[in-house]
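In: Model the following, please.
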Amino acid sequence: MATPGQQLPPGFRFHPTDEELVVQYLRRRALCRPLPAAVIPDVHDATVLDPWDLPGAGDGEAYFFSFRQLAAASGGGGWRRRRAGSGYWKATGAEKPVFLRGFGCGGGGGGGGQHLVGVKTTLLFLRAKPPSRTHWVMHEYRLAAAGAVAVAAAGQTKRGNHSCMAQPGEWVVCRIFLKNNRSSRRRAGDADGETPVTGVHGHRRRQPSPSPSSSSCVTAEVSDGEGEEEVSSGSINGAPSASQREA
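Out: Numbering: from 1, shown residues only. Predicted coordinates for the structure are as follows:
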């Protein structure tokens with residue numbers, strides 16, 4: 001994924017876990033604190049752009065922050081269906097909790113507790129005319145209720161900073177991707193004998209797969225929830241081609 005102003009060393013890729021997205025990026029953005037890296041841009045016009053026109057989406061995957069006003073939740077549909085560009089995003093399945101889990105390896109005193117820090121919603125992008133599904137999927141993360149209240153209270157002390165709490169609402173962080181593109185890239189990486197290695201706060205570097213004798217405390221893969229209640233590829237159509245996106 002390439003985004004404007006991205007600051008990652010050569011060879012690293014941005015592939016954070018749900019926990020890292022919420023704790024290290026979303027919470028810090030909502031509190032106007034420095035981020036671990038400048039890899040997620042603010043997108044203020046996400047509701048008027050098609051997914052393929054969002055910053056960094058040219059590679060079939062992108063992350064961005066967006067501020068949702070409370071007024072947007074009024075009406076019958078709330079946030080379950082949202083207009084965007086030539087179509088709309090439609091939430092699917094149940095929302096999933098994001099936990100901050102205890103650290104440690106092999107149960108050695110690292111703590112096994114967990115604390116609710118966020119909520120994850122999966123949305124699918126559908127064209128309005130003609131009505132059809134596409135391959136674009138969004139994972140949207142927001143702070144859990146207790147965290148959102150704390151952030152709102154902290155924001156009241158930053159009256160001069162309009163980028164934090166200028167009006168009632170909440171910050172969210174979104175990950176959009178082309179489902180088939182991500183699956184094919186992962187298969188290609190496996191065929192090359194490469195696995196992602198976690199760096200700092202979700203930044204990953206690719207290296208050859210470790211031998212079977214490697215320590216069991218090092219995990220080669222962290223689930224990003226792609227296998228959730230996303231649309232079946234067998235019933236999807238209408239996804240724009242590369243030439244259509246460039247047009």
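
In: quick one: low-confidence ranges for this protein?
Out: 1-8, 70-81, 103-112, 146-167, 181-247 (pLDDT under 70).

In: now the helices: where do they sit in it?
Out: Under the criterion DSSP state H, the chain contains helices at 18-20, 27-30, 145-155, 162-165, 179-191, 242-246.

In: In space, what's closest to residue 128 - neighbours in sequence excluded?
Out: residue 87 (4.7 Å; CB to CB, 6 or more residues apart in numbering). C-betas here are computed from N, CA, C, even on glycine.

In: what residues are up against that neighbour?
Out: 50, 125, 126, 127, 128, 134 (CB atoms under 8 Å, 6 or more residues apart in numbering).

In: these two touch, right, the last one and residue 128?
Out: No. At 11.2 Å, residue 134 and residue 128 do not qualify as touching, with contact defined as CB atoms under 8 Å.

In: which one of the two has more residues nearby?
Out: Applying other CB atoms under 10 Å to residue 134 and residue 128 shows that residue 134 carries more neighbours, namely 22 against 12.

In: any idea how far residue 171 is from that one?
Out: Going from residue 134 to residue 171 by CB to CB, to the nearest Å gives 26 Å.

In: Look up how far residue 26 lies from residue 99.
Out: 14 Å.

In: And the two? Which one has more around it.
Out: Counted by other CB under 10 Å, residue 99 and residue 26 do not tie: residue 26 has more neighbours, with 27 against 15.

In: which residues does the more buried one contact?
Out: Residue 26 sits in contact with 65, 118, 141, 142, 143, 171, 172, 173, where contact means CB under 8 Å, 6+ apart.

In: quick one, what contacts the fifth one?
Out: Which is residue 143. 22, 26, 27, 30, 117, 118, 119, 151, 170, 171.

In: so the third one touches residue 98, yeah?
Out: No. Checked against CB under 8 Å, the pair residue 27 and residue 98 is beyond contact range at 11.0 Å.

In: Would you reformat the contacts of residue 143 as JSON lines and include distance to residue 13?
Out: Output for those, formatted as JSON lines (distance: CB to CB, whole Å):
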{"residue": "22", "distance to residue 13": "19"}
{"residue": "26", "distance to residue 13": "20"}
{"residue": "27", "distance to residue 13": "23"}
{"residue": "30", "distance to residue 13": "25"}
{"residue": "117", "distance to residue 13": "24"}
{"residue": "118", "distance to residue 13": "22"}
{"residue": "119", "distance to residue 13": "26"}
{"residue": "151", "distance to residue 13": "29"}
{"residue": "170", "distance to residue 13": "28"}
{"residue": "171", "distance to residue 13": "24"}
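
In: Among those, name the buried ones.
Out: 22, 26, 27, 30, 117, 118, 119, 151, 170, 171 (16 or more other CB atoms under 10 Å).
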